[in-house]
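> pasting the sequence and the predicted coordinates here, then a few questions.
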Amino acid sequence: MWEWRSIKPLVGYGCGVRPPLEQAFPRPAVVGVVNVTPDSFFDGGHFVRPEAAVALALAYLDEGAALVDVGGESTRPGSEGVSAEEELGRIEPVLEHLPGCPVSVDTSKAAVARRALELGAVLVNDVTALRGDPDLAGVVADAGAYVCLMHMLGEPRTMQEDPRYDDVVSEVKAFLEERLAFAVEVGIPEEHVCLDPGIGFGKTVEHNVELLARLGELAELGRPLLIGASRKRFLGRLLGDPDALVGPVSAGVAVSVLALERGASLFRVHDVRPHVEALTAARAVVQAVGP
Ligand code: HH2
């Protein structure tokens, strides 16, 4: 559960070539969400004060998170986005107080990522999969950082307005394959990349469920998969509330466990302890029947 302590020297900024992502963060790796925002869909406003965000990050690591994902911009459906200055102003004081901790930065902006990597972040979590800022790929490549490439249909402001696919799984798979090839082409080693189907990003409840059910097809891309289903509204809607804006922790844990069985490696969550406990037990069962 505490593997991150032993790999810490390998993943620190400027420490030379990093090992493959799957070695640095063996599955299942729980990624704790730290939203330093006033408006995130689940915890907006709770961790805007740097002290509160730092305390949350340290608590997550204590509970067994392999990584904490610090973000200063909400990507909830309907959100407008913030400037790089504002985003950096939110997360910089947090990152400054997490030296030596395994941190990822949830940003699509090169300037924000550059500073976060200087402050010790090891992974850039980009919900635009390197399409949002033309300079971001170079920043990741130059720093030798890890990157998460996520699928999103459209942009946060409009993405939930009637999303349509012919076959959501094959379209998301083709997108991730193309984005992975792009990343490699611009100098990011393939083994530094993880992929994410982007649960809730331009998807109906049915799209999310189908992606999770057929996750094995995305695992065929050969890179670790990150799943961010935690607390999302589709979980509440699956439970029968058509107006739910969030889902319960138990439903998120269930989805994570099934995703682990279908090949997911990293789990971006707001409730670290229950996920660590459930995924540790689930891993034991999965491993008992072979790799
Ligand atoms: N989901 C959110 C934000 N970033 N990154 C990845 N890779 N995958 C996800 O599913 C994902 C993500 C949305 O969750 P949250 O950060 O809690 O909310 P908000 O965007 O409103 O801050």
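Structure's in. What do you need? Just so it is clear, the structure is predicted and the values come from calculations on it, not from any experiment.

> so where's the protein uncertain?
Counting by pLDDT under 70, the low-confidence segments of the chain come to 1-16, 290-291.

> all the helices of it, in order from the start?
Read by DSSP state H, the chain holds these helices, from start to end of the chain: 3-11, 21-24, 50-62, 84-95, 110-118, 136-143, 168-185, 205-213, 215-219, 233-238, 249-261, 272-288.

> please list the residues of the stretch 1-150 of the chain that sit near the ligand.
With the criterion set to CB under 6 Å from any ligand atom, the stretch 1-150 of the chain comes near the ligand through 33, 35, 37, 40-42, 71, 74-76, 106, 125, 127, 148, 150. Heads up, the C-betas are built off the backbone N, CA and C, glycines and all.

> of the helices of the chain, which stretch is the most buried?
Per residue and on average, the most neighbours among the helices of the chain fall to helix 110-118, with a mean of 22 (mean count of other CB atoms under 10 Å).

> helix 136-143 and that helix, what's the angle between them?
Comparing the axes of helix 110-118 and helix 136-143 via axes from the mean of the first three to the mean of the last three CA atoms, to 10 degrees yields an angle of 20 degrees.

> now do helix 110-118 and helix 84-95, the angle between them.
Helix 110-118 and helix 84-95 meet at an angle of 10 degrees, taking the same axes, to 10 degrees as the criterion.

> just the CA trace of helix 110-118, in PDB.
Taking only C-alpha atoms (Å, rounded to 0.1, in the frame of the first residue of the first chain), the coordinates of helix 110-118 have been written out as PDB:
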ATOM      1  CA  ALA A 110       1.500  24.800 -20.500                       C
ATOM      2  CA  ALA A 111       2.400  27.600 -18.100                       C
ATOM      3  CA  VAL A 112       0.600  26.000 -15.200                       C
ATOM      4  CA  ALA A 113       2.100  22.600 -15.900                       C
ATOM      5  CA  ARG A 114       5.600  24.000 -16.300                       C
ATOM      6  CA  ARG A 115       5.500  25.600 -12.900                       C
ATOM      7  CA  ALA A 116       3.900  22.600 -11.300                       C
ATOM      8  CA  LEU A 117       6.700  20.400 -12.700                       C
ATOM      9  CA  GLU A 118       9.300  22.800 -11.300                       C
END
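
> counting by contacts, list what it packs against.
If you count contacts as 3 or more CB pairs under 8 Å, 6 or more residues apart in numbering; DSSP states H and E, helix 110-118 packs onto helix 84-95, strand 103-106, strand 123-126, helix 136-143.

> before we move on, the earlier item: neighbour-wise, which of the residues of the stretch 1-150 of the chain next to the ligand leads?
Top of those by neighbour number is residue 106, holding 32 neighbours under the definition other CB atoms under 10 Å.

> return the residues in contact with residue 232.
Residues touching residue 232, when contacts are defined by CB atoms under 8 Å, 6 or more residues apart in numbering, comprise 41, 199, 200, 208, 246, 247, 252.

> residues touching the first one, list them.
With contact taken as CB under 8 Å, 6+ apart, residue 41 is in contact with 74, 76, 77, 231, 232, 233, 245, 246.
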